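# for reference, the sequence and a predicted model appear below.
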Amino acid sequence: MKSETVINVRKSKVENISALPTVPGNLKRISAIIEKPRVTLDEIGRFVASDPALASKVLKMVNSAMYGFPGRITAVSYAVMLLGLNVVKGLLLGISVFEIMEKTMRGLWAHSVGCAVAARCIAEKKGIKDPEEFSIAGLLHDLGKVILMLEYQNEYEKAMEIAANDKIPIFKAEVEIFSNGHAEVAMWLMEKWRFPRNLVEVIAYHHRPSLSKIAPLETAIIHVADIIVRARGAGFAGDYFVPELNTQALDLLSLSDADIKDILLRIDDATDAIYDSAD
Amino acid sequence: MAKKIQLADLESGMVIVKPVTMKNGMVILGEGVTLTPAWVERLQDMDIDGVYIDAPKEQQLTKEEAIVKLNARFEPVADRPYMNRLKKILADHIEDLYEK
């Protein structure tokens, strides 16, 4: 069922995130810092350290199930140095979108956290160095939905209705209403925030992993992680049905049944912890 | 399964399954430690979030409800062999959760 007028989602409007009235202040502040062309780890470290509340959130996240350092990191400067620029940028984004994610789509945070740990777990199993980058990709892969909900709430809710009624995944319903879907919107932002090309591709093509030219394995990881989390039913990402796995992506990862069970346990641990936590 | 306990509910004999950390991230107790009465008292005075112990996790859904929901979310892809394999693994996982 095609709508008469498709909403034209303008890239320039999305990129100019600081001008969007619906975007919360802390996200705008983080955005301004991380989009700077030659921002150094040092600058970011100082920015974080200057805000005790932010520093505490960074450390809490670094020491959580999403990353491989449970309880071992106590200094922001060390965290920043250990994790590297991409992961720190991603972590700051994760912190600044957490509240707004829950406000715009309840359950999206849990879904994103589930995807973060699942992706990291798969990356570890594949022996990839820097598995933390996959935590970031998993955490942020649905950021586009937040932006679309902030800017076009009524229309996005319509897309969710279509997804529910037609029993299709949300990314398919989106294109009935919007010129560009959540994956593309997130891609524009990841580019603006100067993430490396492979991370940009991973997020841009997580629903269509065969489109990734330079990062097919990494994209396959996020694609499969996303579907495993949905299969588990952890959180809510805008639709109620598990999308089909891209078989090439699955084959590329060659995960055993035992691997997948392991991933499920990690997802449960991480998502249960969300509801346990007071904040 | 790891279950989060509030400080007030800590009892000696409980086994820690995740490192106990202060809110700033510093580790106080490693995993595998069995709490003594002295530790319970000490922890209750500290600024920590909660402690994870080994206990069967209470599920919010019954096993039957969980399976019904699982089948419902897989319905549009029920005829694909790859998806059936995934669904079977999920069903096994759910069975395991309720075994304890």
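Alright, I've got the coordinates.

# may I have the phi/psi pair for B:Lys4?
The phi and psi torsions at B:Lys4 (degrees, to the nearest 10) take the values phi -90, psi 130.

# so what's it bridging to?
Per DSSP bridges, the residues bridged to B:Lys4 are B:Tyr52.

# that one: how many residues sit nearby?
Neighbour count of B:Lys4, defined by other Cβ atoms under 10 Å in any protein chain shown: 18. C-betas here are computed from N, CA, C, even on glycine.

# and it, what does it touch?
B:Lys4 is in contact with A:272-273, A:276, B:50-52, counting by Cβ atoms under 8 Å, 6 or more residues apart in numbering or on different chains.

# okay, the residues you listed in JSON lines with pLDDT, neighbour count and distance to A:Asp42 next?
Converted to JSON lines, the contacts of B:Lys4 look like this (pLDDT from 0 to 100; neighbours: other Cβ atoms under 10 Å in any protein chain shown; distance: Cβ to Cβ, whole Å):
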{"residue": "A:Asp272", "pLDDT": "84", "neighbour count": "20", "distance to A:Asp42": "37"}
{"residue": "A:Ala273", "pLDDT": "76", "neighbour count": "20", "distance to A:Asp42": "32"}
{"residue": "A:Asp276", "pLDDT": "58", "neighbour count": "15", "distance to A:Asp42": "36"}
{"residue": "B:Gly50", "pLDDT": "77", "neighbour count": "17", "distance to A:Asp42": "35"}
{"residue": "B:Val51", "pLDDT": "85", "neighbour count": "25", "distance to A:Asp42": "36"}
{"residue": "B:Tyr52", "pLDDT": "83", "neighbour count": "22", "distance to A:Asp42": "35"}
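
# could you single out the nearest of the residues you listed to A:Ser135?
A:Ala273 (14.5 Å; Cβ to Cβ).

# quick check: nearest residue in space to that closest one, chain neighbours excluded?
Spatial nearest neighbour of A:Ala273, excluding adjacent residues (Cβ to Cβ, 6 or more residues apart in numbering or on different chains): A:Ala65 at 6.3 Å.

# quick one: contacts for the one you found?
A:117, A:266, A:269-270, A:273.

# could you do A:Pro196 as well?
For A:Pro196, the contact set (Cβ under 8 Å, 6+ apart) comprises A:Asn86.

# for chain B, what lies in contact range of chain A?
Contact residues, chain B versus chain A (Cβ under 8 Å from any Cβ of the partner chain): B:2, B:4, B:18-21, B:23-27, B:49-50, B:57, B:69-70, B:72-77, B:80, B:82-83, B:85-87, B:89-90, B:92-93, B:97.

# can you select the buried ones from those in ChimeraX?
A single ChimeraX command selects the buried members of the residues of chain B next to chain A (16 or more other Cβ atoms under 10 Å in any protein chain shown):
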select /B:2,4,18,19,20,21,25,26,27,49,50,70,73,74,76,77,83,86,87,89,90,93,97
